[in-house]
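Enquirer: Sequence first, then the predicted structure:
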Amino acid sequence: MAARAPARDPGLQPERTRLAWRRTTLSCTVTAVLAAKQAVHRGSSPVGLIAVTLSALVWLGFLAVAHRRIQTLSGGGPRFRVLGLRGALAAAACTVALACFAVAMLF
């Protein structure tokens, strides 16, 4: 006779996902702050200043995506737990843009 697996608690996965979004938001915040700090202390070129400005805008965009996702996870039912294509593309685009702006700041 096979032992039955315990029932899965559906409340844990959304909580872990919310925490992951919060950690990612914190990482993006640190990246944006370090970019601004580098621009202030190093006296960046015009390209660097544009990169810092765009980094701040991308950071705000990522905050909006993450906040919406965290709020969605707080909703009910399983249909709210699936990340839509637009949200996934927006989060990926923000991440890639932050990396590109970081490289631009080096010049």
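Expert: Yes, it's here. Numbering: from 1, shown residues only.
Enquirer: ok, how many other residues are close to the nearest residue to residue 22 once chain neighbours are set aside?
Expert: Leaving aside its chain neighbours, residue 22 sits nearest to residue 70 (7.1 Å; criterion: C-beta to C-beta, 6 or more residues apart in numbering). (Glycine included, C-beta is placed from N, CA and C.) Other residues near residue 70 come to 16 when the count uses other C-beta atoms under 10 Å.
Enquirer: So which bits of the top helix by length along the chain are buried?
Expert: Counting residues, the longest helix found in the chain (DSSP state H) is helix 12-42. For helix 12-42, a neighbour-count test (16 or more other C-beta atoms under 10 Å) marks 14, 17-18, 21, 24-25, 28, 31-32, 35-36, 38-39 as buried.
Enquirer: picking up where we left off before, go ahead and confirm the residue nearest to residue 22 touches residue 21.
Expert: Yes: using C-beta atoms under 8 Å, residue 70 is in contact with residue 21, at 5.4 Å.
Enquirer: coming back round to it: state the pLDDT value of the residue nearest to residue 22.
Expert: What the model reports as pLDDT for residue 70 is 82.
Enquirer: where's it, which helix or strand?
Expert: helix 46-74 (DSSP states H and E).
Enquirer: For that helix, what is the distance to the chain centroid?
Expert: 8 Å (C-alpha atoms, centre = their mean, to the nearest Å).
Enquirer: by how many degrees do it and helix 12-42 diverge?
Expert: Angle between the axes of helix 46-74 and helix 12-42 is 160 degrees (criterion: axes from the mean of the first three to the mean of the last three C-alpha atoms, to 10 degrees).
Enquirer: give me every residue that touches residue 105.
Expert: Neighbouring residues of residue 105 by C-beta atoms under 8 Å, 6 or more residues apart in numbering: 35, 38, 39, 44, 48, 51, 52, 55.
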